[in-house]
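Asks: Give me the fold of what follows.
(4 chains)
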Amino acid sequence: MANPVPVIATIRVQSEDFDATREAELLAKGRKDVGALVTFTGLCRDEGGRLSALELEHYPGMAEAEITRIAEQACSRWPLTGLTVIHRFGKIAPGGNIVLVVAASSHRRAAFEAADFMMDFLKTRAPFWKKEHLLSGESQGWVEASDKDDTDAKRW
Amino acid sequence: MANPVPVIATIRVQSEDFDATREAELLAKGRKDVGALVTFTGLCRDEGGRLSALELEHYPGMAEAEITRIAEQACSRWPLTGLTVIHRFGKIAPGGNIVLVVAASSHRRAAFEAADFMMDFLKTRAPFWKKEHLLSGESQGWVEASDKDDTDAKRW
Amino acid sequence: MKIRYFAWVREKVGVDKETLDLPGSVTSVTHLIEFLKARDERYATAFEEQDAIRVALDQMHVEHDEPLGNVQEVAFFPPMTGG
Amino acid sequence: MKIRYFAWVREKVGVDKETLDLPGSVTSVTHLIEFLKARDERYATAFEEQDAIRVALDQMHVEHDEPLGNVQEVAFFPPMTGG
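Replies: Residues are numbered from 1 along each chain as shown, chains lettered A, B, ... in the order given. Got it, this is the predicted structure:
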């Protein structure tokens, strides 16, 4: 199943918003070997109306490096024709985009699994930390890492 | 994990193209409870330059009914906030869209699994059949069902 | 009873749908397939690999041993290849 | 050696980065944590639940028993919550 020539993933860590469509189009446009495109968009929830924003702190340099390492694993493990990962930092309001993974492949299982794998390891290994800001104006504190995320990452 | 009020899925069977972005936006826009949006787009491949088009025959009426049955299973099995499925029929050129699944949820595993589940059962239960048209001008014949698809569907 | 055919089953039978009066002895899908195969060479060819053929009664997938009951519409087709 | 702190580790320590001269006896991450905890109450509090703290050497995740070797940059932070 491994790709003889693994693709080079596109990785971006930025405060600006992203356009999921445009990124997906870049991986498919003008190509005739892409059979499956899986796009994962992670959005900021308001947690039942509690939150005014999430603030994402990151480790500049290591964030890009670690996402690149995870993406290289994905590219060598699945026969992808393209992989794009964008992770935002800074203050993000409910409904706003946080993270984007687009995986393209000739085959649907490869695209699904690679996107799923990327998200599990972005959650547990990419150096980002979320702080909750409440509608009441207070800063609620840091989001705790979930055991479920660790369990998910151990599937691979 | 089951949703107390399962969402009503949007199902369309059409010859016209679809806009994956627009469909994804419809599931997320103005909401603050959607944390994860998984979009699967299935595209026509040229099979290494062999194909000029795929022609999709379908069973009108049953196609919509069967996709609705699969979607209802997905909606009762995962806590989704939205689910959209569009399947095209007719002649589709390489690079063109064939099928779209968008699953929205508060949680990423639910969105991933629901989209993956939908695709496995669309492949094996939705009444569509693909015929290959060759660049040489001949009609190559009907695509054979793959054992891999049956195996995939048995995972659930 | 209305009978529909899709994909290569349709091509082999030569029509996409037809309405047939069935004898009372045809009470299950398997009986119906036997009845069709005996009608004509085209059906015999279409249903040659009988186990490969899928069937729907009133637009629901069923097994070959399903009774026909009061269904309005029977459809025969190869394994699906959509998605 | 350049040391960086993130999220609540940063808040508890009170600085986001600093450069420290380490005694020769500090040869592993565990030694460095002990050294920091002995410096000041803020570090002692930040590293109270020592096992919960993650560490990176030159921007790579490592375990606490990792030797410091010739690294330029050490970072301490809580478990990640991105994605």
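Asks: okay, CA-based contacts and neighbour counts for the rest of this
Replies: Noted.
Asks: Mind pulling the model confidence for the residue nearest to residue C:81 when sequence neighbours are not counted?
Replies: Leaving aside its sequence neighbours, residue C:81 sits nearest to residue B:129 (Cα to Cα, 6 or more residues apart in numbering or on different chains; 4.8 Å). The score at residue B:129 is 98. That number is its pLDDT.
Asks: Quick check: beta-bridge partners of residue B:129?
Replies: Applying DSSP bridges to residue B:129 gives these bridge partners: residue B:57.
Asks: so it makes contact with residue C:80?
Replies: Yes - counting by Cα atoms under 8 Å, residue C:80 is a contact partner of residue B:129 at 5.6 Å.
Asks: which of these two has more neighbours?
Replies: residue B:129 (27 against 22; other Cα atoms under 10 Å in any protein chain shown).
Asks: show me what contacts that one?
Replies: B:56-58, B:142-143, C:7, C:80-82 (Cα atoms under 8 Å, 6 or more residues apart in numbering or on different chains).
Asks: Sketch out the low-pLDDT regions of chain C for me.
Replies: Chain C contains no residues with pLDDT under 70.
Asks: rewinding a little: give me the buried subset of the contacts of residue B:129.
Replies: Neighbour-count burial (16 or more other Cα atoms under 10 Å in any protein chain shown) is assigned, among the contacts of residue B:129, to B:56-58, B:142, C:7, C:80-82.
Asks: Would you mind listing the buried residues in the longest helix along chain C?
Replies: Longest helix in chain C, counting residues (DSSP state H): helix C:29-39. By neighbour count with 16+ other Cα under 10 Å, helix C:29-39 contains the buried residues C:29-37.
Asks: Next SSE downstream of it?
Replies: Per DSSP states H and E, helix C:29-39 leads on to helix C:41-46 as the next helix or strand towards the C-terminus.
Asks: in that next one, what counts as buried?
Replies: C:42-44, C:46.
Asks: what residues does chain A put near chain D?
Replies: Proximity of chain A to chain D (Cα under 8 Å from any Cα of the partner chain) is limited to residues A:42, A:56-59, A:61-62, A:65-66, A:87, A:98-99, A:119, A:122-130, A:142-145.
Asks: Kindly write the PyMOL command that selects the buried subset of the residues you listed.
Replies: Applying 16+ other Cα under 10 Å to the residues of chain A next to chain D, the buried members can be selected in PyMOL as follows:
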select buried, chain A and resi 42+56+57+58+59+62+65+66+87+98+99+119+122+123+124+125+126+127+128+129+130+142+145
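Asks: hmm, the helix ranked longest in chain A in reach of chain B?
Replies: Looking across chain A with DSSP H, the single longest helix is helix A:108-125. Yes - on the criterion Cα under 8 Å from any Cα, helix A:108-125 is in touch with chain B at A:108, A:112, A:116.
Asks: hmm, that helix touching chain C?
Replies: No - Helix A:108-125 stays clear of chain C (Cα under 8 Å from any Cα), getting no nearer than 9.8 Å.
Asks: contacts for that helix?
Replies: A:35-40, A:66-67, A:70-71, A:74-75, A:78-80, A:101-105, A:149-150, A:152-153, A:156, B:42, B:112, B:116, D:79-83.
Asks: ok, back up a step: which of the buried ones among the contacts of residue B:129 sit farthest apart?
Replies: Using Cα to Cα, the pair of the buried ones among the contacts of residue B:129 lying farthest apart is B:58 and B:142, separated by 13.0 Å.
Asks: Can you tell me which of the buried residues of helix C:29-39 is nearest chain D?
Replies: residue C:29 (52.0 Å; Cα to the nearest Cα).
Asks: closest to chain A among the contacts of residue B:129?
Replies: Using Cα to the nearest Cα, residue C:82 is the member of the contacts of residue B:129 that lies nearest chain A, at 12.7 Å.
Asks: Show the contacting residues for that closest one.
Replies: With Cα under 8 Å, 6+ apart, residue C:82 has these contacts: B:56, B:122-124, B:126-130.
Asks: CA-only coordinates of the helix or strand where residue A:69 lies in CSV, if you can.
Replies: Per DSSP H and E, residue A:69 falls inside helix A:62-77. Only the C-alpha atoms of helix A:62-77 are listed here, as CSV (Å, rounded to 0.1, in the frame of the first residue of the first chain):
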residue,chain,number,x,y,z
MET,A,62,8.2,23.0,17.0
ALA,A,63,4.6,23.2,16.0
GLU,A,64,5.6,23.2,12.3
ALA,A,65,8.3,20.6,12.9
GLU,A,66,6.1,18.2,14.8
ILE,A,67,3.2,18.4,12.3
THR,A,68,5.7,17.8,9.5
ARG,A,69,6.9,14.7,11.3
ILE,A,70,3.4,13.4,11.7
ALA,A,71,2.6,14.2,8.1
GLU,A,72,5.7,12.4,6.9
GLN,A,73,4.5,9.3,8.8
ALA,A,74,1.1,9.5,7.1
CYS,A,75,2.6,10.0,3.7
SER,A,76,4.8,7.0,4.0
ARG,A,77,2.1,4.8,5.5
